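Undergrad: have a look at this prediction, sequence included:
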Amino acid sequence: MPATQSFFGWKVLAATFTLAIFGWGVGFYGPPVFLHAVVQRTGWSVALVSGAVTLHFLAGTVVVANLPRLYRRAGVPQTTLGGAVFLALGVAGWAVAQAPWQLYAAAVISGMGWVALGAAAVNALIAPWFVRRRPAALGMAYNGASVGGIVFSPLWVFLIAQAGFAQAALWLGVAMVGVVGVLSRKVFAVTPQQLGQLADGDGAAAPAAAAATALPRVGNLWRDRAFLTLSGGMALGLFAQIGLIAHLLSLLAPLLGAQMAGVAMGVATAAAIAGRTLVGWLMPAGADRRKVACLAYAIQICGSLTLMLASDHGWAVWVGVVLFGSGIGNATSLPPLIAQTEFAREDTARVVPLIVALSQGAYAVSYTHLTLPTILLV
């Protein structure tokens with residue numbers, strides 16, 4: 001049997017893609033829907049419940065920053081399954097909270113759980129299996145996040161409307177824990193060493209791996225220029241990006257109508273998937289990944305400027321949405337790829353969770369202002 005067919009890394013990739021669907025579908029796109037459901041059920045103010053959304057993401061920053069330590073102490077499969085259990089319990093708490101303090105406690109639990117199924121977790125699961133092909137593999141795995149938004153956002157709304165928030169939380173929570181439990185036991189518990197396999201499914205020395213192992217270790221990351229610029233760039237990029245996403249539908253609706261504005265949001269989602277996939281597969285092995293990220297942001301800026309012409313030119317809406325959407329996914333997937341080439345392998349395992357934690361803390365403020373119809377992007 002050819003190595004490409006027997007290479008277990010492809011199963012890990014498919015499993016990680018599935019994990020991302022649940023992680024983002026419940027932990028990232030869920031809170032705006034939960035906000036709406038809690039306000040309707042309790043009559044509490046939007047500001048009060050929005051605080052729980054912010055706390056959900058801020059609580060996750062503490063856990064994701066310490067994710068490598070959790071992996072070492074508890075193991076990757078146990079940590080992943082534990083995250084799914086915490087996320088399910090936290091969402092159940094959102095659904096039944098009778099007092100604000102109960103809601104905020106549930107937000108802490110859900111926030112601590114979802115990061116074990118989020119961006120840093122996806123990178124950690126993919127990294128042992130893919131080095132040379134990591135850009136393409138990460139791009140494919142992170143596309144599960146976009147699919148999670150497409151599937152779960154309307155699914156949450158439908159189930160809550162039909163059966164109530166508590167029942168929806170029970171059904172989806174049990175499904176998530178069951179699926180993640182199987183993946184953790186059957187897939188994430190397996191290592192390349194156990195199967196005698198090398199990264200990427202072949203025995204050739206990968207250029208990216210050679211470059212990574214040749215890099216010196218970094219002592220204090222907080223004094224390292226590469227780390228500070230990478231974390232700052234990712235945090236600012238996601239802060240600005242999610243801020244625009246939060247208001248995009250409300251800006252397009254007066255121009256296109258509510259239905260066509262929803263279609264435009266879907267086009268942006270498709271552009272996000274296409275942009276991430278193309279960069280993953282077409283980026284040359286020796287490319288300066290910071291320059292690739294700069295190009296992706298430059299295209300998004302052009303898209304944002306084009307959207308400013310939308311009130312006078314109909315074509316500007318669609319061109320702007322496509323250009324802006326093309327970089328949405330890359331804002332998440334490119335920083336771990338930059339870390340792969342700029343830090344030693346041991347340092348990369350520390351750097352990625354930290355830059356994700358800092359970014360999550362930054363975009364928590366923007367995310368709080370997302371409204372129910374504007375949650376179909378990642």
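TA: Noted; the coordinates are in hand.

Undergrad: can you give me the helices in the stretch 201-350 of the chain?
TA: In the stretch 201-350 of the chain, the segments counted as helices under DSSP state H, counting those that start in this stretch are 207-214, 225-256, 258-282, 289-307, 314-326, 330-342, 345-368.

Undergrad: which among those helices is found nearest to Ala37?
TA: Smallest distance to Ala37 across these (CB to CB): 16.0 Å, for helix 345-368. No exception for glycine: its C-beta is placed from N, CA and C like everyone else's.

Undergrad: follow-up on the earlier one: pick the most deeply packed of the helices of the stretch 201-350 of the chain.
TA: Neighbour counts (mean count of other CB atoms under 10 Å) averaged over each of the helices of the stretch 201-350 of the chain peak at helix 330-342, with a mean of 25.

Undergrad: residues in contact with stretch 306-320: which ones?
TA: The set of residues external to stretch 306-320 that reach it, using CB atoms under 8 Å, 6 or more residues apart in numbering, is Leu251, Leu252, Leu255, Leu256, Ala264, Val267, Gly303, Ser304, Leu305, Val321, Leu323, Phe324.

Undergrad: how about the second one, nearest residue that isn't a chain neighbour?
TA: Of all residues beyond its chain neighbours, the one nearest Leu252 is Ala261 (4.0 Å), with distances taken as CB to CB, 6 or more residues apart in numbering.

Undergrad: ok, now the first one?
TA: Closest residue in space to Leu251, ignoring its immediate chain neighbours: Leu307 at 7.6 Å, by CB to CB, 6+ apart.

Undergrad: with the last one instead?
TA: The shortest distance from Phe324 to any residue other than its chain neighbours is 3.2 Å, reached at Gly303 (CB to CB, 6+ apart).

Undergrad: identify the residues contacting the one you found.
TA: Shown in contact with Gly303 (CB under 8 Å, 6+ apart): Val319, Gly320, Val321, Val322, Leu323, Phe324, Gly325, Ser326, Gly327.

Undergrad: which one of these sits closest to Val177?
TA: Here the nearest of these to Val177, counting by CB to CB, is Gly325; it sits at 32.2 Å.

Undergrad: ok so, going back, which one of the helices of the stretch 201-350 of the chain lies nearest to Ala92?
TA: Of all the helices of the stretch 201-350 of the chain, it is helix 345-368 that lies closest to Ala92, at 21.4 Å by CB to CB.

Undergrad: mean confidence for the closest one?
TA: When pLDDT is averaged along helix 345-368, the result is 86.

Undergrad: can you give me the angle it makes with helix 330-342?
TA: 160 degrees (axes from the mean of the first three to the mean of the last three CA atoms, to 10 degrees).

Undergrad: distance from helix 345-368 to the middle of the chain?
TA: How far helix 345-368 lies from its chain's middle: 11 Å, per CA atoms, centre = their mean, to the nearest Å.

Undergrad: got the CA coordinates for it in PDB?
TA: Below are the C-alpha coordinates for helix 345-368, written out as PDB (Å, rounded to 0.1, in the frame of the first residue of the first chain):
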ATOM      1  CA  ARG A 345      10.600  23.400  17.800                       C
ATOM      2  CA  GLU A 346      10.500  23.400  21.600                       C
ATOM      3  CA  ASP A 347       9.900  27.200  21.600                       C
ATOM      4  CA  THR A 348       7.200  27.000  19.000                       C
ATOM      5  CA  ALA A 349       5.200  24.800  21.400                       C
ATOM      6  CA  ARG A 350       5.300  27.700  23.800                       C
ATOM      7  CA  VAL A 351       4.900  30.600  21.300                       C
ATOM      8  CA  VAL A 352       1.700  29.400  19.600                       C
ATOM      9  CA  PRO A 353      -0.500  29.100  22.700                       C
ATOM     10  CA  LEU A 354       0.800  32.500  24.000                       C
ATOM     11  CA  ILE A 355       0.100  34.400  20.800                       C
ATOM     12  CA  VAL A 356      -3.400  32.800  20.600                       C
ATOM     13  CA  ALA A 357      -4.000  33.800  24.300                       C
ATOM     14  CA  LEU A 358      -3.000  37.400  23.700                       C
ATOM     15  CA  SER A 359      -5.100  37.600  20.500                       C
ATOM     16  CA  GLN A 360      -8.100  36.100  22.300                       C
ATOM     17  CA  GLY A 361      -7.800  38.700  25.000                       C
ATOM     18  CA  ALA A 362      -7.600  41.400  22.400                       C
ATOM     19  CA  TYR A 363     -10.500  40.400  20.300                       C
ATOM     20  CA  ALA A 364     -12.800  39.500  23.300                       C
ATOM     21  CA  VAL A 365     -13.800  43.200  23.400                       C
ATOM     22  CA  SER A 366     -14.600  43.300  19.700                       C
ATOM     23  CA  TYR A 367     -16.400  39.900  19.800                       C
ATOM     24  CA  THR A 368     -18.700  41.100  22.600                       C
END
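
Undergrad: elements contacting that helix?
TA: When contacts are defined as 3 or more CB pairs under 8 Å, 6 or more residues apart in numbering; DSSP states H and E, helix 345-368 sits against helix 46-65, helix 67-74, helix 119-126, helix 207-214, helix 225-256, helix 330-342.
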